[in-house]
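A.B. asks: Need coordinates for the below:
(one chain, ligands or ions: 1)
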Amino acid sequence: MFLKTLEMIGFKSFADKTKLDFADGITCLLGPNGCGKSNIVDSIKWVLGEQSTKALRASRMDDVIFNGTDNRKPMGFAEVSLTISNEEGHLAIDAPEVEIRRRVYRNGNAEYYINRSPALLKNIKELFLDTGVGKSAYSILEQGKIDQILSHKPEDRRYIFEEAAGISRFKTQMNEAQRKLERTMENLEQVDAIFTEAKRTYTLRKGQAERVVIFKELEKQKTLLEVDTQLSTLKSYLLLKDSYIANQTKFAGELKHLTELLEQFENEIGAEQERMQEKMSRRSDIQSSISRLEAVVEGLNDKLSLISDRFREMLRRKDEAENQEQTYSERLERERNELAGKKQILADFVQRKERIEAEITGYQGNIELSRNMIAKQEGEIERKEADTLEQETIQAGLNESLQKITDDIVMELDKQLSESGYSSQARKRTEKQLIEYITALVNSLGTQKKFLSDLGKTSGLSATAIMESQEKYLDSLEESLDELKSLFQEYSGTVPVFIDEFLAPQGIITQKHDLDKRMAASRRRVQDNRIAVVSLRESNQRLDEQVELFRVQLQDAQLDLADLEGKRNAARDMAAQIQRIIDETEMSLGDVRRTRRNVEAQIADTQEMIRKVEKDRQEAKDNIMTLREELEILRNEMDAQSSELSGKRNLQSTSLSRQQELRVEIETLNSRIMSLDEMIQKVYTDFYDNTGKSLKEYDKRLEEDIPDTSYLREQLNAIKQKIANMGTINHMAEDEFEQAKERYEFLNTQIEDLNKAKRDLEEVVTEIRSRSEELFMDSYTKISANFQSMFRRLFGGGRAELNLVDPENILESGIDILAQPPGKKLTNLTLLSGGERSMTAVAMLFATYMVKPSPFSILDEIDAALDDKNVGNFLSVLQEFGLKSQFIIITHNKHTVTGGQTLLGVTQQEAGISTTVSYRVGNQAGAPVIVSEQGKTISLDSPSEFFN
Ligand SMILES: Nc1ncnc2c1ncn2[C@@H]1O[C@H](COP(=O)(O)OP(=O)(O)OP(=O)(O)O)[C@@H](O)[C@H]1O
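C.D. replies: Numbering: from 1, shown residues only. Below you'll find the model as predicted:
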């Protein structure tokens, strides 16, 4: 037993406190329509945490509070308490019995209790998660739920499988984790936004603080450099002063030494100057001689240049003459070749002219011959045509004669035939016999011939026999010839005699034959004449064409001759012209040759002259060379002497300058030392004025190494420039950076925490998902198999299937139901009848129970649409499950009622107020009856009588 008791007060029609005690097995709730049976179901749903007003058949939540009747006032609250046995540990609470209570007031306040302790709705939901019990689990099946199970939306029935798989808790956890994940993501985004800003501030302040540190460091360096600069300046002044004093002492010594040296120089320079004077005089003499000789060489050079120019001119003229000579010679040769060519052409022209003239004579002769032939053939044609005319006259006469003689022959023939009695039939017959006889005779001769031939091959016969045989054959041949003779005579007798007269030389037929012959001869002659005329005309035609051809060729030849004549004249003129050019060129060539020879003689003279002038010039040059060598020696001596003198003079001059410089230097150093004393004093004074400190404090450092002032100034300027370049410095930056850093690190830690939380949550979601899928598929597979068998059992056959709509997405996939009652095609669920729908839903419910039984189950009038047979099937299964689970069934069906072990009646003895009564199933006269507590019995066929 799971449900033990249900107590209601103020809940819907149960205004008064009502307590129901539930038993194990199957309990049937009976009662007339509207008595409040379903309100009991609503109360159980409500106390289990149902929040949907629709599921509670209310429009608002306070509709569940008793709202009064004609005689009763509405109540201010509704309360339901459900006591559950937990001995089997269905609920995750350490108590053998659990009481859940829910109360709601009209003002909307709600209270929940678990074992009389106040609780939250959430606690109650968690308590029943994955138990099959709960507001949306499958423990309560009513009409609305059937629709939900068989909904056309496959995802509407997922809850059954999820509950059976026990993943509702996971789903809640997963939803919770996902919500947390979303919140974490939102937080992350928000913190990230703040972090971005904090990071920006951090980076900014960090930069500023770093700048402050740098700035301070630069300021420190600047101060040190300023002291060092002053010290360096001071040190340089002091060093300078020391060096000035040392120089002063040195310069005084040097001045004394110089004064003594200058006296010695004076004496030596005087002696050197005298020796120098002598050498200068000798140098002047040599230079005069060289100048004179150079003038001579110059004159000879000019002369040589002049002669050379002339010589070059002569060479040029000689070249020119040679070139001209070459040119003329080449031209002469070319022109002579040209002339020879022209002469050859003229000779060719003569030959060609003779040839053309011969051709002309030939053409003229041919034309003459052809014309004579034409005239001759014309005469022949005339004669032939005259003869033809004559023959045609003769033929006309012959035709007349032939006509006449033919008529005569016909007449004579008719006359002679009729007179001679000639029979052509008798003649033909005799002729036939004659031919046959001759044929037989010929055959006989053949046989005889063969006999004689065979006789040579066979020698069986005697000569006598052969002689006898031949004699016999000759006798028979003689007889045959006689016979032939008489036959021929007979045949001759059949031929008419007048034919011979006709054919006699003077006979009429012979005359006709003569006429025929003459006619034929005349016709042949005419024919021959015509053929001859045609042939002659064709011949004349061809001769005319030939004459025309010869005439054209003659014309061409005459034109060629004229052309040739012109060309020959032109060639002759050209040859004459070339001859003239040759004559002229020969004359020019003679002139040029003479010129060349003259120039060659001049060239020889000039060459001689050049040689002489060059000799004179060389002599002069040699003299100059000798003098120059002497002069060079003299110069070197003078240069050496002069440089010695000059050196001495320079030394003297340098010494004098130095003497003067030293005096000035000594004076200058004096004034500088005084000036330095003033500057040293000023450095001390200025430093004190600028810093308020005495530079004497740092005097000890003067003994140390101090970089030089210019370097220090450079460094100082660089530092000052760096400070200036830094611009405005935020002197608060270090403190501000510390704050920004603190915030930055804090937010960074937060982000890391959030990211970790995010990763953890994602892992949780993944794990829950994977576990949920595993559990879901396990349950789904089993339920699916159970559903098929349960469906067949309830329907007594048929087919049913469950299919995942989206197998790739198990946790969101809907589940398709395909149901095919026996003998029907697999059909859409909406096409099922009411009873079929109920049975299919029940099959699904029981299939689920087989996998995960619900601790209790309430079925609200699900048998309403079933016929007796199906109710029987339903009860059979129900009783089986009733052994393991607790069933509370609201029904009006007598068969179902008899299937229950316990009967609970609901009635409204006061209008609108529901109360409960207990019954049991009894037996009366062998038939089941309902028996009240008072022992009253009533037939199951009209159970409503109880309540009326
Ligand atoms: N808040 C309420 N106060 C008083 N009575 C209520 C309230 N809510 C519902 N009722 C009454 O409860 C009754 C309906 O009860 P219920 O639906 O449980 O009947 P039932 O026995 O299941 O009937 P049926 O057999 O026809 O299904 C109605 O008469 C209705 O007026």
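A.B. asks: Please spell out the segments of this protein that come in under the pLDDT threshold.
C.D. replies: 1, 132, 134-137, 422, 456-461, 495-496, 498, 826-827, 941-948 (pLDDT under 70).
A.B. asks: right, and the helix or strand after whichever helix in it runs longest?
C.D. replies: Taking DSSP state H as the criterion, the chain has its longest helix at helix 168-420. In the C-terminal direction, the helix or strand that comes right after helix 168-420 (DSSP states H and E) is helix 424-457.
A.B. asks: Could I get the buried residue list for that following helix?
C.D. replies: Within helix 424-457, the residues that qualify as buried are 430, 448, counting by 16 or more other CB atoms under 10 Å. Every residue, glycine included, has its C-beta placed from N, CA and C.
A.B. asks: Check which helices and strands it sits against.
C.D. replies: Counting by 3 or more CB pairs under 8 Å, 6 or more residues apart in numbering; DSSP states H and E, the packing neighbours recorded for helix 424-457 are helix 463-494.
A.B. asks: chain center to the helix it packs on: distance?
C.D. replies: A distance of 122 Å separates the centroid of the chain from that of helix 463-494, by CA atoms, centre = their mean, to the nearest Å.
A.B. asks: can you check stretch 398-409 too?
C.D. replies: With CA atoms, centre = their mean as the basis, stretch 398-409 stands 113 Å off its chain's centre.
A.B. asks: cool, stretch 816-831 as well?
C.D. replies: Counting by CA atoms, centre = their mean, stretch 816-831 is centred 55 Å from the centre of its parent chain.
A.B. asks: Ok, stretch 865-874 next?
C.D. replies: Centre-to-centre, stretch 865-874 and its host chain are 72 Å apart (CA atoms, centre = their mean).
A.B. asks: One more: stretch 509-525?
C.D. replies: Relative to the centre of its chain, stretch 509-525 is centred 108 Å away, using CA atoms, centre = their mean.
A.B. asks: Distance-wise, check the residue lying closest to residue 715 once chain neighbours are set aside relative to the ligand.
C.D. replies: Here the nearest residue to residue 715 in space, its sequence neighbours aside, is residue 225; by CB to CB, 6 or more residues apart in numbering that works out to 5.5 Å. To the ligand, residue 225 is 98 Å away according to CB to the nearest ligand atom, to the nearest Å.
A.B. asks: my read: residue 225 touches residue 718, true?
C.D. replies: No - counting by CB atoms under 8 Å, residue 225 does not reach residue 718; the two are 9.3 Å apart.
A.B. asks: Could you check which of these two is surrounded by more residues?
C.D. replies: residue 225 (21 against 13; other CB atoms under 10 Å).
A.B. asks: Now do the same contact list for that one.
C.D. replies: Under the criterion of CB atoms under 8 Å, 6 or more residues apart in numbering, the contact list for residue 225 reads 712, 715-716, 719.
A.B. asks: how far away is it from residue 701?
C.D. replies: If you measure residue 225 against residue 701 using CB to CB, to the nearest Å, the figure is 13 Å.
A.B. asks: Find the centremost residue of the protein, please.
C.D. replies: Most central in the chain under CA atoms, centre = their mean is residue 808, positioned 36.5 Å from the mean C-alpha point.
A.B. asks: And what about it, helix, strand or coil?
C.D. replies: Counting by DSSP: H, G, I helix; E, B strand; the rest coil, the backbone at residue 808 sits in coil.
A.B. asks: give the contact list for the closest residue to residue 741 other than its chain neighbours.
C.D. replies: Once flanking residues are discounted, residue 741 sits nearest to residue 202: 6.1 Å by CB to CB, 6+ apart. With contact taken as CB under 8 Å, 6+ apart, residue 202 is in contact with 737, 740-741, 743-744.
A.B. asks: what about 10 Å?
C.D. replies: With contacts defined as CB atoms under 10 Å, 6 or more residues apart in numbering, residue 202 is in contact with 195, 737, 739-745, 747-748.
A.B. asks: those strands in the stretch 651-800 of the chain, which residues are they?
C.D. replies: Taking DSSP state E, counting those that start in this stretch, the strands of the stretch 651-800 of the chain run over residues 799-804.
A.B. asks: what angle separates the longest helix of the chain from helix 424-457?
C.D. replies: Computed with axes from the mean of the first three to the mean of the last three CA atoms, to 10 degrees, the direction of helix 168-420 lies at 110 degrees from that of helix 424-457.
A.B. asks: Contact residues of this structure facing the ligand?
C.D. replies: Residues of the chain lying near the ligand by CB under 6 Å from any ligand atom: 12-13, 31, 33-39, 63, 65-67, 912.
A.B. asks: closest to residue 57 among these?
C.D. replies: For the residues of the chain next to the ligand, the residue nearest residue 57 by CB to CB is residue 38; the value is 7.4 Å.
A.B. asks: Go ahead and confirm the closest one touches residue 14.
C.D. replies: No - taking contact to mean CB atoms under 10 Å, the distance of 11.7 Å between residue 38 and residue 14 leaves them out of contact.
A.B. asks: Can you name the residue of the stretch 451-600 of the chain nearest the ligand?
C.D. replies: Sorted by distance to the ligand under CB to the nearest ligand atom, the residues of the stretch 451-600 of the chain start with residue 545, at 141.5 Å.
A.B. asks: Can you give me every residue that contacts that residue?
C.D. replies: Contact partners of residue 545, counting by CB under 10 Å, 6+ apart, are residue 370.
A.B. asks: quick one on the thing from earlier: residues shared between the contacts of residue 225 and residue 701?
C.D. replies: Common neighbours of residue 225 and residue 701, counting by CB under 10 Å, 6+ apart, are residue 232.
A.B. asks: for residue 90, helix, strand, or coil?
C.D. replies: In the three-state summary, residue 90 is assigned as coil, counting by three-state DSSP.
A.B. asks: separation between the residue nearest to it when sequence neighbours are not counted and the ligand?
C.D. replies: Spatial nearest neighbour of residue 90, chain neighbours left out: residue 855 (4.9 Å); criterion: CB to CB, 6+ apart. Computed as CB to the nearest ligand atom, the residue 855 to the ligand distance reads 23 Å.
A.B. asks: rewinding a little: distance check, the residue nearest to residue 741 against residue 726.
C.D. replies: Applying CB to CB to residue 202 and residue 726 gives a distance of 20 Å.
A.B. asks: ditto for residue 772
C.D. replies: Relative to residue 726, and taking CB to CB, residue 772 is found at 64 Å.
A.B. asks: Residue 777 now?
C.D. replies: 71 Å.
A.B. asks: Would you map out the domains in the chain?
C.D. replies: Taking automatic domain parsing as the reference, the chain has its domains at 1-139+856-922, 423-495.
A.B. asks: for the stretch 801-948 of the chain, what spans make up the helices?
C.D. replies: Secondary structure of the stretch 801-948 of the chain, counting by DSSP state H, counting those that start in this stretch: helices at 834-851, 868-882, 894-899.
A.B. asks: neighbours around the residue in the stretch 251-400 of the chain that the ligand sits nearest to, how many?
C.D. replies: For the stretch 251-400 of the chain, the residue closest to the ligand is residue 251, as judged by CB to the nearest ligand atom, at 134.8 Å. Residues lying near residue 251 (other CB under 10 Å) number 19.
A.B. asks: and it, what is it in contact with?
C.D. replies: With contact set as CB under 10 Å, 6+ apart, residue 251 has these partners: 658, 661-669.
A.B. asks: Next step: those restricted to helices.
C.D. replies: 658, 661-669.
A.B. asks: Just the CA atoms of stretch 766-776, as CSV, please.
C.D. replies: Backbone C-alpha positions of stretch 766-776 (Å, rounded to 0.1, in the frame of the first residue of the first chain) are rendered in CSV as follows:
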residue,chain,number,x,y,z
THR,A,766,27.3,17.3,-20.4
GLU,A,767,27.4,14.5,-17.8
ILE,A,768,23.7,14.8,-16.9
ARG,A,769,22.9,14.8,-20.5
SER,A,770,24.9,11.7,-21.2
ARG,A,771,23.5,9.9,-18.2
SER,A,772,19.9,11.1,-19.0
GLU,A,773,20.3,9.8,-22.6
GLU,A,774,21.5,6.5,-21.3
LEU,A,775,18.7,6.1,-18.9
PHE,A,776,16.1,7.4,-21.3
